[in-house]
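Trainee: build me a structure from this.
(one chain, ligands or ions: 2)
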Amino acid sequence: MDTTLESSAAVLDTQKDADGSFPTDKKITVVFVLGGPGSGKGTQCANIVEHFGFTHLSTGDLLRAESKSGSPNGIMIRDMMNEGKIVPSEVTIKLLRKAMLESGNDKFLIDGFPRNEENRAAFENIMKIEPEFVLYFDCPVEELERRLLNRNQGRDDDNIGTIQKRFKVFIESTLPILEYYNSKGKLRKIDAGKPVDEVFEDVKAVLSPFAVEANTCRKSNVSMVLGLEYLIYLVKRLFRAARMLLTHLFHGTALEEGWHAASIQK
Ligand SMILES: Nc1ncnc2c1ncn2[C@@H]1O[C@H](COP(=O)(O)OP(=O)(O)OP(=O)(O)O)[C@@H](O)[C@H]1O
Ligand SMILES: Nc1ccn([C@@H]2O[C@H](COP(=O)(O)O)[C@@H](O)[C@H]2O)c(=O)n1
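Mentor: Numbers count the residues shown, from 1 in each chain. Ligands and ions are numbered 1, 2, ... in the order given. Down below sits the predicted model:
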């Protein structure tokens, strides 16, 4: 499958209200991040961004921002989120595409997506991008409930009524998506019931293919810096030698005296 932003753009740009254009034909790397509500997707994505240079796009955050922006879809999005329902894919994908464009990056963690079959099929059809794999944070439901009720980030959907609805939607709509990617050998399941640092150790192991690039980059930066320092050192020595030669040519005696004085001082 062709996975360039350009080809995705070609499809998306046929939409009447599509804005902007994809500037690049670079290969796009996408990792989907799924897990029950409160499983720690956002927490772990923040760590991944720091270590592996991905751009983190939380579909929930994008929808929350859109619902507060006063856009025509705002009220519909807010009402659906308060019911724990899944917003129509065309709305979510449009927001995702815009955020991908604006980031300028080519590596994305798409968090909380695809939530159902409609999300999955629409992303594949419109964006023409296959995910590298799906990172799945698996966590017992009692722990999810405890985390959500203690989150205290002012989210309207972190109340017991909506939480129960979100769990139901996860089981009915998202678990089949996890099974789909599992059957394709693309599911990377992580035990998310452990403390944050321990979970991240497992995440790092899964993302290790992307670390090679980061290390190579770091190593080549180091050699570049060392190479530059050595070059500066050589140029300085060259200048010093040239100055001494010139001084010797024009003031031969003085130079000899200087040398003599210097060797006495030593
Ligand atoms: N491994 C962990 N152990 C204990 N608490 C955690 C762990 N990971 C995250 N948390 C806490 O649980 C809460 C939910 O985490 P987070 O927001 O990352 O989950 P999420 O999967 O992104 O949630 P949602 O799907 O609702 O957006 C936060 O308060 C976070 O600090
Ligand atoms: N693909 C998605 C993702 C999210 N939603 C809605 O947002 C709510 C919050 O999502 P979080 O990932 O931040 O927990 C979710 O309950 C849905 O209402 C969506 O519609 N489609």
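Trainee: use CA for all of it now, contacts and neighbours both
Mentor: Noted.
Trainee: gap between the nearest residue to residue 106 once chain neighbours are set aside and residue 89?
Mentor: With CA to CA, 6 or more residues apart in numbering as the criterion, residue 106 has its nearest non-adjacent residue at 5.0 Å, and that residue is residue 28. To residue 89, residue 28 is 20 Å away according to CA to CA, to the nearest Å.
Trainee: burial check on the residue nearest to residue 106, number of neighbours?
Mentor: By other CA atoms under 10 Å, 20 other residues sit near residue 28.
Trainee: what values do phi and psi take at it?
Mentor: phi -100, psi 130 (degrees, to the nearest 10).
Trainee: distance-wise, check the one residue in the stretch 151-266 of the chain that gets nearest to ligand 2 relative to ligand 1.
Mentor: With CA to the nearest ligand atom as the measure, residue 166 is the residue of the stretch 151-266 of the chain nearest to ligand 2, at 5.6 Å. Distance of residue 166 to ligand 1, given as CA to the nearest ligand atom, to the nearest Å: 9 Å.
Trainee: is that residue in contact with residue 37, as I believe?
Mentor: Yes. Applying CA atoms under 8 Å, one finds residue 166 in contact with residue 37, separated by 7.0 Å.
Trainee: contact residues of the stretch 51-200 of the chain facing ligand 2?
Mentor: Counting by CA under 6 Å from any ligand atom, the positions of the stretch 51-200 of the chain adjacent to ligand 2 are 59-61, 80-81, 84-87, 112-115, 166.
Trainee: between those residues, which sits nearest residue 198?
Mentor: The closest of these to residue 198 turns out to be residue 112 (CA to CA; 21.4 Å).
Trainee: thinking again about what came up before, only whichever of the residues of the stretch 51-200 of the chain next to ligand 2 are buried, select them in ChimeraX.
Mentor: Filtering these down to the buried ones (16 or more other CA atoms under 10 Å) takes a single ChimeraX command:
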select :59,60,81,84,85,86,87,112,113,114,115,166
